[in-house]
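**Q** Pasting the sequence and the predicted coordinates here, then a few questions.
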Amino acid sequence: MKIRVQIEDKVYEVEVGDLNDRPITAVVDGEVIKVWPEGGEAPAPAPVSRDVKSYVSTTPAPAVAPATAAPRPAPITGDKAKQVVAPIPGTILAVSVKEGQDVAFGQELCTLEAMKMKSAIRANRAGKIAAIRVAAGDKVSQNQALMDFAD
């Protein structure tokens, strides 16, 4: 996905890699940045700076996997193994699954709108949906449980 981001008077060209990878790789004006969302195992945080280049790694961009490659599961531990949680606050636009339905890792479960952008919330593991805790139109907070998996 390619986007343009303006910070103060400077415009940056940003290309975001596969959102299922950890870390997510973004290329900002030709330089690679690694992003660890959802509380992943991130390295020590970079110092706060208004200069975007201070956050840029000079590591070469990884090879892009073919579009037909299956998503790789991220390790799941603790109670989150049984839940799908909202990564950011927003509004649920649609729920794509039903209770009792079997789902595959990476399958779209619902759509969340946050900051005027729609995001597909995907299964963090394969399994059966035991409970759906939200409906279209519900406002959710960050880390709020959206769905539960059966054991």
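**A** Structure received. Residues are numbered from 1 along each chain as shown.
**Q** Tell me the secondary structure of the most centrally placed residue in the chain, please.
**A** Nearest to the mean C-alpha position of the chain, by CA atoms, centre = their mean, lies residue 19 at 5.4 Å. Three-state assignment for residue 19 (DSSP: H, G, I helix; E, B strand; the rest coil): coil.
**Q** give the contact list for it.
**A** The contact partners of residue 19, by CB atoms under 8 Å, 6 or more residues apart in numbering, come to none. (C-beta placed from N, C-alpha, C; glycine too.)
**Q** just use 634 as the starting number from now, easier for me
**A** Understood, numbering begins at 634; the last thing we discussed is residue 652.
**Q** From residue 773, how far out is it?
**A** 19 Å (CB to CB, to the nearest Å).
**Q** Please apply the same query to residue 732.
**A** 18 Å.
**Q** So which of those two has more stuff around it?
**A** Using other CB atoms under 10 Å as the criterion, residue 732 and residue 773 rank with residue 773 on top: 21 against 12.
**Q** so what's the more buried one bridging to?
**A** With DSSP bridges as the criterion, residue 773 is bridged to residue 723.
**Q** show me the contacts for it.
**A** Residue 773 makes contacts with 719, 722, 723, 724, 725, 745, 767, 779, as judged by CB under 8 Å, 6+ apart.
**Q** next one: residue 731
**A** So residue 731 contacts 762, 765 (CB under 8 Å, 6+ apart).
**Q** Give me the below-cutoff pLDDT ranges for this protein.
**A** 671-714 (pLDDT under 70).
**Q** Give me the domain ranges for it.
**A** Domains of the chain are assigned by automatic domain parsing as 635-688, 711-782.
**Q** Strands of this protein, start to end?
**A** Taking DSSP state E as the criterion, the chain carries its strands at 635-640, 643-649, 657-661, 664-668, 716-718, 723-728, 735-736, 741-747, 750-755, 760-765, 772-773, 778-782.
**Q** Just the buried ones among the contacts of residue 773, please.
**A** 719, 723, 725, 745, 767, 779 (16 or more other CB atoms under 10 Å).
**Q** Tell me how far the second one lies from residue 772.
**A** So that's residue 723. 7 Å.
**Q** can you put the buried ones among the contacts of residue 773 in CSV and add distance to residue 758?
**A** Converted to CSV, the buried ones among the contacts of residue 773 look like this (distance: CB to CB, whole Å):
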residue, distance to residue 758
719, 17
723, 22
725, 20
745, 18
767, 19
779, 14
